[in-house]
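> predicted model follows, preceded by the sequence.
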Amino acid sequence: MKNPRAVIPATMGSLLLCACVGAPELRSTAIALPDRYTDEALSNVSMVTGQNAASQWWEEFNSPELDATVAAALAGNRSLAAAQASLKEAQELIAASRGARLPSAELAASGGRQKYGAAFLGSNASAFPPFTAYSIGVNVSYVLDYAGGVRSGIAQRQALADVRDSALEAARLALIGNVVLQAFEIAAAREQIRTVEGIVAEDRHNADLVEKALRAGSVARVDLLTAQSQLAQDQTLLPPLRQSLSAARHAMAVLVGQAPGGWAPPDFDLASFAPPANVPLVLPSELARRRPDIRADEARVRAAAAAIGLATANLYPQLKLSGSLSEQAITVSTLFGQGSAAFSLLGNITAPLFNGGRLRAERRASIAAGQAALAQYEETVLSAFGQIADVLTSLEHDAEQIAAEEQALAAAESSLALTRDSYSAGNVGVLQALDAERTAQRARMGVVRARAKRLADTAELMVGLGGEASAAR
């Protein structure tokens with residue numbers, strides 16, 4: 001940890017401090033962090049480093065319909081409700097475990113017939129016939145936690161609660177991200193359907209024109225068959241797109257906790273979404289404290305360290321103090337009377353003597369589990385860096401793709417206009433006109449897909465940076 005640019009000077013320092021009593025064997029490998037996520041130049045993506053993301057990052061897309069759908073999902077999603085209940089369970093288990101640090105007291109009351117044996121009383125046995133005895137009092141016990149077993153158990157429960165807390169944040173972040181992506185999917189599918197429907201309408205118009213030209217004797221029948229074939233081929237594009245739209249709408253209904261038959265999402269429009277002009281980008285050194293999946297693995301390391309402390313405490317003697325204060329009498333009416341008070345104070349020690357090496361093996365197993373959790377934590381950090389690098393370069397290439405697709409569309413539409421004029425003048429045949437239309441069709445669809453992908457990648461970047469969950473911290 002001597003490298004000041006190592007990933008975890010603050011994060012892993014706290015983990016090792018937690019583990020130092022019971023698990024000095026846990027040590028993190030230093031992960032050197034560069035100043036940026038990728039060594040590739042990003043000239044087409046506008047990033048603002050060091051600026052926090054908006055607390056509700058999805059509002060950056062400027063869509064009131066999307067804002068309302070996200071709010072409905074946060075209120076009705078069942079997976080999020082399950083994660084909230086799991087966190088509540090873990091918090092209550094912490095409260096239960098903390099009680100072990102305090103003395104426990106129990107009210108005890110009894111009544112029944114007793115008789116002492118002759119072997120115990122000897123010649124006096126006849127003087128003690130069977131009798132009824134009553135007792136009521138308080139029993140108190142306390143475990144001396146000098147080896148830290150109780151403290152380690154509490155620390156383990158706290159760490160496991162932190163895991164569920166981070167899991168809740170991750171579920172919330174994933175839910176919002178999925179809602180946003182499904183909204184983009186709906187919008188993209190609707191835009192592609194409109195585009196193909198426009199193309200099909202043009203195909204019908206072309207087929208009608210060719211049919212009229214055939215009646216006039218200016219074209220061959222093969223030209224009409226070619227135009228009709230193009231119409232049929234373009235019509236086959238609509239059913240898959242409509243199915244994609246239906247599937248996205250159904251998925252959105254499930255995300256908001258509704259049955260698809262009883263709820264319908266808004267008709268999102270791709271043109272209404274405006275990607276943020278500047279996307280806030282945190283430094284790599286900040287990412288570990290923002291992402292819930294990283295914080296969850298960090299908490300798992302703390303839980304593993306506490307488990308080692310618990311296994312270590314089991315190697316030492318256990319000390320327990322107990323005492324009781326009670327009232328005892330042979331009749332109920334004489335309870336609490338003079339001379340009925342009784343007390344006891346005991347100390348109990350148990351120490352492992354022989355267990356076939358089980359306790360030390362369990363401690364070694366806990367250490368190995370801790371090392372595995374630590375390695376998984378480091379892997380999660382590295383994977384997060386890789387994910388952000390991928391999305392950043394994808395956004396860079398998205399900008400290039402959009403520019404290329406728009407340029408291709410402009411050229412295709414110009415070529416189509418010229419070809420149609422030439423076809424009307426009889427200078428080119430129907431095959432050339434249809435080929436120009438196919439080129440324009442591909443260009444229109446390419447622009448729609450490129451714009452939808454840029455929106456999706458922008459949302460993925462915001463989710464990958466920790467999104468709203470981390471910005472609120």
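Yes, it's here.

> for Gly99, which three-state class applies?
Classification of Gly99 using DSSP: H, G, I helix; E, B strand; the rest coil returns helix.

> then Ser344?
Assignment for Ser344 (three-state DSSP): strand.

> OK, contacts around the closest residue to Ala274 other than its chain neighbours?
Distance criterion C-beta to C-beta, 6 or more residues apart in numbering; nearest residue to Ala274, sequence neighbours excluded, is Asn62 at 4.7 Å. Placement of C-beta: from N, CA and C, glycine included. Neighbour list for Asn62: 272-274 [criterion: C-beta atoms under 8 Å, 6 or more residues apart in numbering].

> the residue positioned nearest the centre of the chain and Thr458, how far apart?
Centroid-nearest residue in the chain, with C-alpha atoms, centre = their mean: Ala170, separated by 2.6 Å. In this view, Ala170 and Thr458 are 20 Å apart by C-beta to C-beta, to the nearest Å.

> on that earlier part again, mind giving me the packing neighbours of the helix or strand containing the residue nearest to the centre of the chain?
Ala170 belongs to helix 149-216 when assigned by DSSP states H and E. Counting by 3 or more C-beta pairs under 8 Å, 6 or more residues apart in numbering; DSSP states H and E, the packing neighbours recorded for helix 149-216 are helix 64-76, helix 78-98, helix 221-235, helix 238-255, helix 292-313, helix 430-464, helix 467-471.

> and that helix with helix 430-464, angle?
If you take axes from the mean of the first three to the mean of the last three C-alpha atoms, to 10 degrees, helix 149-216 sits at 170 degrees to helix 430-464.

> what's the average pLDDT for helix 149-216?
The average pLDDT within helix 149-216 is 91.

> over to stretch 306-319?
Rounded mean pLDDT across stretch 306-319 is 91.

> same check, this time on stretch 269-286
82.

> buried ones in that stretch?
270, 273, 275-276, 279-282, 284-286 (16 or more other C-beta atoms under 10 Å).

> and it, how far out from the chain middle?
With C-alpha atoms, centre = their mean, to the nearest Å as the basis, stretch 269-286 stands 20 Å off its chain's centre.

> do stretch 310-321 as well
37 Å.

> show residues contacting it.
Under C-beta under 8 Å, 6+ apart, the answer for stretch 310-321 is 21-23, 141-144, 146-149, 152-153, 156, 345-352, 359-360, 362-363, 365-366.

> also stretch 413-433?
By C-beta under 8 Å, 6+ apart, the residues outside stretch 413-433 that reach it are 206, 210, 218-219, 223, 226-227, 436-437, 439-440, 443.

> and of those, the nearest to Leu325?
Closest approach between the contacts of stretch 413-433 and Leu325, by C-beta to C-beta: Ala443, at 90.7 Å.

> ok, the closest one - contacts?
Per C-beta under 8 Å, 6+ apart, neighbours of Ala443: 405, 408-409, 411-413.

> could the contacts of Asn62 go into TSV alongside secondary structure?
What follows is the contacts of Asn62, written out as TSV (three-state DSSP):
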residue	secondary structure
Ser272	helix
Phe273	coil
Ala274	coil
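
> quick one: which of those is nearest Lys453?
Proximity of the contacts of Asn62 to Lys453 was ranked by C-beta to C-beta; the top entry is Phe273 with 12.4 Å.
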